[in-house]
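J.: My questions concern the predicted model and sequence given below.
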Amino acid sequence: IRRAPGTRAGIFRSSRRGGERMTDFLTDRATLRRKTVPGLLVERARSTPVAVAYRSKRLGLYRERTWRDYAMLVARFALGLRVLGLGRGERVAIMGDACEEWMICDLAAQATGAITYGIYPTASVSELQYQMLDGGATIFIAEDQEYVDKILPLVDRLPDLRWIIVIDDSAMFGYEHPKLKPFADVLGSGGPAGGPAGEDRIAALEGMTRALDPRSPAFIIYTSGTTGNPKGALVAHGRHLAAAHTVVDQYPTLVQTLHRTVIFLPLCHVFGRDVAITLPLISRLVPHFGEDIDDLPQTLFEVAPSAL
């Protein structure tokens with residue numbers, strides 16, 4: 001789709017047709033090669049602020065997040081990571097099952113100029129140690145106590161590690177390690193939620209994304225390691241977006257109408273990342289997160305996905 005003269009350079013253009021808000025998805029590969037995922041998030045927050053970005057089940061109820069909500073959370077966490085001293089080019093490792101916080105942490109770290117990578121939730125302690133050393137992570141983000149218990153015995157062998165951020169610390173009674181930091185505290189240090197300050201947070205995120213180079217590495221994907229230790233592949237912002245667009249090419253219905261999907265693959269898996277994070281930004285795919293990966297059959301029944 002060619003962009004009409006005078007329209008803005010973003011890939012999303014909003015209009016009203018017949019009283020209904022519509023969005024044209026201008027997603028040609030050449031444009032996407034010049035973009036970053038955190039930058040696209042800001043564009044969605046500006047162009048379709050009240051559209052549903054994803055749904056996540058908590059305590060039996062699905063909670064909707066709009067694109068503005070999503071960008072706000074990423075902005076606050078990115079600002080919180082800066083408070084912790086995360087610098088451009090540093091590495092952030094994330095370990096846990098797919099959840100909304102995984103996405104928020106990933107995009108926030110990328111927005112600061114850091115490089116992220118996921119570690120499979122089933123990884124052994126030795127595999128965890130190898131990938132922490134190989135990737136050189138300065139921050140490790142753990143979904144819950146299970147992954148904290150895996151990383152703490154390794155801390156003295158990981159000279160680059162400065163912080164361990166815990167998404168769900170509800171079961172962590174009596175843990176007093178100086179490197180531990182609750183996710184909520186990092187989010188809080190990035191500023192309050194909602195109100196007029198919220199727009200300032202999104203503006204701050206926009207400023208961060210403008211400083212990103214689409215040719216720079218965004219994340220690392222590790223191979224399965226079936227013939228030896230896993231190998232890490234650096235993936236650049238723009239190239240990844242252009243590659244993900246091939247799915248939209250093959251399935252144009254993803255752009256033409258709203259679709260529901262259920263997230264069940266680990267987000268350290270490249271296709272898991274695409275379905276949960278990348279494709280929703282360049283299509284009308286709405287990810288849904290169940291309460292627990294073990295409840296996948298129930299989640300599939302509740303969501304009735306139109307795309308998987």
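T.: Thanks, I have the structure now. Numbering: from 1, shown residues only.
J.: what about the residue nearest to Leu41 when sequence neighbours are not counted, how many neighbours?
T.: Closest residue to Leu41 apart from its sequence neighbours, by Cβ to Cβ, 6 or more residues apart in numbering: Ala71 at 5.3 Å. Placement of C-beta: from N, CA and C, glycine included. Close neighbours of Ala71, defined as other Cβ atoms under 10 Å, add up to 27.
J.: what about Met132, which helix or strand?
T.: In the assignment (DSSP states H and E), Met132 maps to helix 125-135.
J.: and what of Leu161?
T.: Judged by DSSP H and E, Leu161 forms part of no helix or strand.
J.: what's near enough to touch it?
T.: 132, 137-140, 155, 179 (Cβ atoms under 8 Å, 6 or more residues apart in numbering).
J.: What sits closest to Phe289 if chain neighbours are left out?
T.: Closest to Phe289 by Cβ to Cβ, 6+ apart is Ser56, at 4.3 Å.
J.: doesn't Asp295 make contact with Asp97?
T.: No - here Asp97 does not reach Asp295: they are 11.2 Å apart, not a contact under Cβ atoms under 8 Å.
J.: of the two, who's got more company?
T.: Using other Cβ under 10 Å as the criterion, Asp97 and Asp295 rank with Asp97 on top: 19 against 13.
J.: Go ahead and list the helix or strand containing the spatially most central residue of the chain.
T.: Nearest to the mean C-alpha position of the chain, by Cα atoms, centre = their mean, lies Met103 at 2.6 Å. For Met103, the host element (DSSP H and E) is helix 100-111.
J.: Identify all contacting residues around the helix or strand immediately after that helix in the chain.
T.: Once helix 100-111 ends, the next helix or strand along the chain (criterion: DSSP H and E) is strand 115-119. For strand 115-119, the external contacting residues (Cβ under 8 Å, 6+ apart) are 89-95, 102, 105-106, 109-110, 127-128, 131-132, 135, 137, 217-222, 232, 234, 266-269, 273.
J.: Relative to strand 115-119, what are the paired strands and their orientations?
T.: Strands that pair with strand 115-119, judged by DSSP bridges, come out as strand 91-95 (parallel), strand 217-222 (parallel).
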